[in-house]
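**Student:** here is the input, now give the coordinates:
(one chain, ligands or ions: 1)
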Amino acid sequence: MVSCSLKIDSGRTDSFIGTDYSTMVYGVKPFEGNFIAIIGLHAIEDHIGAPIELYTGHFEELCRVLKEYGYETITFMDLLKYVDFGKALPEKPVMITSDDGFQDVYTNGFPVLKRYGYKMTVFLVTGAIGETEASRKTNAYFNKRTNVIRPILIWPEIEEMHEYGCEFLSHTVNHVRLGLVSDGEFLYELKKSKEDIESHLGSEVLFFAWPYDNNSPSKWHLIPEAGYRGAVRYGTGIEDMRTINLYDIDRVEFNSYIPPAQYVGYLNLDRSIKIEFRIDNEYKSGKYVKEAGEEFMLEYLINNTNDNAVKISSLELELPENIELIEVDSGGYINQYPGINSNIYMWVSDSYTIAGNGRINLILKLKGKAPGESIIKFRTTYKGYYINCDGVKVEIKSKV
Ligand SMILES: [Zn+2]
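**Tutor:** Residues are numbered from 1 along each chain as shown. This next block holds a predicted model:
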């Protein structure tokens with residue numbers, strides 16, 4: 001008797017011949033979503049000294065919501081194997097990255113990562129990395145004008161995190177603006193830092209982070225010569241794998257300005273509530289042009305992609321100064337006029353229930369007051385988190 005048992009997971013495919021004909025398939029669903037949020041942060045501190053730093057408690061909250069929504073961390077090596085060989089990624093991949101190599105990534109961040117079973121990619125300024133405690137440097141090494149002095153990682157800490165599964169890549173030797181230096185200096189900064197990390201850790205360094213976000217397309221032709229496959233920057237948000245440019249990988253910037261209640265919406269983690277909009281009964285994308293004084297209709301459709309009914313607790317509309325709300329159409333599911341708080345129109349109720357795979361709507365009559373281009377923002381609160389709708393771009397033209 002011949003049988004076969006097949007085991008599939010996101011990392012590999014194994015099969016073996018067993019004693020009967022049963023076939024068993026299990027494991028996680030592969031990545032099909034196209035979008036990968038690559039989180040970019042700097043220091044992780046209990047008492048932050050600059051907005052660019054993130055509170056340890058907020059980092060913990062970030063990992064907690066990622067876990068709650070079923071996200072798994074991947075590294076740039078995983079990403080490259082996906083790009084080159086189609087190696088499967090987990091269904092919901094996410095990347096956590098940190099620039100500059102602050103010691104607090106080890107002291108404050110690493111315990112949190114271990115608790116959640118998460119990995120992180122750290123971009124090191126290798127000239128600032130000491131061998132021992134006695135030779136530990138600070139960020140003054142690469143930022144003379146810094147007003148927040150923080151200690152930088154040393155190799156034993158990096159080796160411990162690397163052993164666990166964290167990834168260490170280049171942020172140059174001296175944290176230089178790579179777009180402004182000579183070609184020779186560009187190659188030195190990248191080759192030397194690559195060599196430093198590879199000789200300490202024994203794993204390949206194929207990506208770097210542009211210091212100061214100084215991404216420079218005029219230097220892209222030197223990237224392969226320096227021994228790299230790509231580079232990351234602080235971009236406009238979540239990477240779309242269908243259009244990714246490896247020399248210009250977008251990250252979502254994380255700092256202390258972002259309230260933790262917005263993490264889910266900011267990273268678009270929850271795909272179970274989707275908000276669409278249409279203007280004057282038409283769905284289209286791009287910019288809408290209206291005349292000053294002209295009334296137009298904007299309808300928001302809040303879709304529940306769950307099989308079960310869900311409740312949302314509030315809706316928020318943020319109108320630009322040159323557009324006013326005339327009325328809420330009584331034909332919509334939500335038909336009351338909103339409360340107003342700090343220029344935000346708010347609908348709050350415990351009775352906004354959306355049936356499984358159903359939708360509810362809100363129809364607004366708006367009017368352009370003064371010429372100008374602006375964006376109408378809209379979001380809903382679900383399970384205590386914001387779910388954002390894409391901004392509606394409207395240009396109000398003066399009346400001719
Ligand atoms: Zn930096």
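
**Student:** which pLDDT value belongs to the residue sitting nearest the centre point of the chain?
**Tutor:** By C-alpha atoms, centre = their mean, the chain has its centre lying nearest to Ala37, at 3.4 Å. Per-residue pLDDT puts Ala37 at 92.

**Student:** ok, now Ser3?
**Tutor:** Value for Ser3, per-residue pLDDT: 54.

**Student:** just to revisit the earlier point, hang on, the residue nearest to the centre of the chain packs against Thr97?
**Tutor:** No - applying C-beta atoms under 8 Å as the test, Ala37 and Thr97 come out as separate, 10.8 Å apart. Where you see a C-beta, it was placed from the backbone N, CA and C, and this is true even at glycine.

**Student:** got the contact list for the residue nearest to the centre of the chain?
**Tutor:** By C-beta atoms under 8 Å, 6 or more residues apart in numbering, the contact set of Ala37 is 94-95, 238-239, 252, 267-269.

**Student:** helices of the stretch 251-400 of the chain, start to end?
**Tutor:** For the stretch 251-400 of the chain, the helices defined by DSSP state H, counting those that start in this stretch cover 263-266.

**Student:** give me the mean pLDDT for stretch 247-264.
**Tutor:** The average pLDDT within stretch 247-264 is 92.

**Student:** please identify the buried residues of the helix or strand where Glu185 lies?
**Tutor:** Following DSSP states H and E, one finds Glu185 within helix 183-201. Within helix 183-201, the residues that count as buried by 16 or more other C-beta atoms under 10 Å are 186-194, 196-197, 200-201.

**Student:** what packs against it?
**Tutor:** helix 155-164, strand 167-170 (3 or more C-beta pairs under 8 Å, 6 or more residues apart in numbering; DSSP states H and E).

**Student:** near the ion, anything from that helix?
**Tutor:** No - on the criterion C-beta under 5 Å from the ion, helix 183-201 is out of touch with the ion, staying 12.4 Å away.

**Student:** which of the contacts of Ala37 tops the neighbour count?
**Tutor:** Within those, neighbour counts (other C-beta atoms under 10 Å) peak at Met95, which reaches 25 neighbours.

**Student:** that one belongs to a strand?
**Tutor:** Yes - assessed by DSSP: H, G, I helix; E, B strand; the rest coil, Met95 belongs to a strand.

**Student:** how about the closest residue to the ion within the stretch 301-400 of the chain: which residues does it bridge to?
**Tutor:** Closest to the ion within the stretch 301-400 of the chain is Asn388: 28.2 Å, counting by C-beta to the ion. For Asn388, the beta-bridge partners are Arg379 (DSSP bridges).

**Student:** surely it touches Ile273?
**Tutor:** No - using C-beta under 8 Å, Asn388 makes no contact with Ile273, being 10.3 Å away.

**Student:** which one of the two has more residues nearby?
**Tutor:** Just comparing Asn388 and Ile273: by other C-beta under 10 Å the higher neighbour count belongs to Ile273, 20 against 16.

**Student:** where along the stretch 1-150 of the chain do the strands fall?
**Tutor:** Assigned by DSSP state E, counting those that start in this stretch, the stretch 1-150 of the chain shows strands spanning 5-8, 13-16, 35-41, 44-45, 54-55, 72-73, 93-100, 121-124.

**Student:** could you do the stretch 151-300 of the chain as well?
**Tutor:** Counting by DSSP E, counting those that start in this stretch, the strands of the stretch 151-300 of the chain are 167-170, 207-209, 230-234, 239-240, 249-253, 273-279, 287-291, 295-304.

**Student:** perfect, I'm done here.
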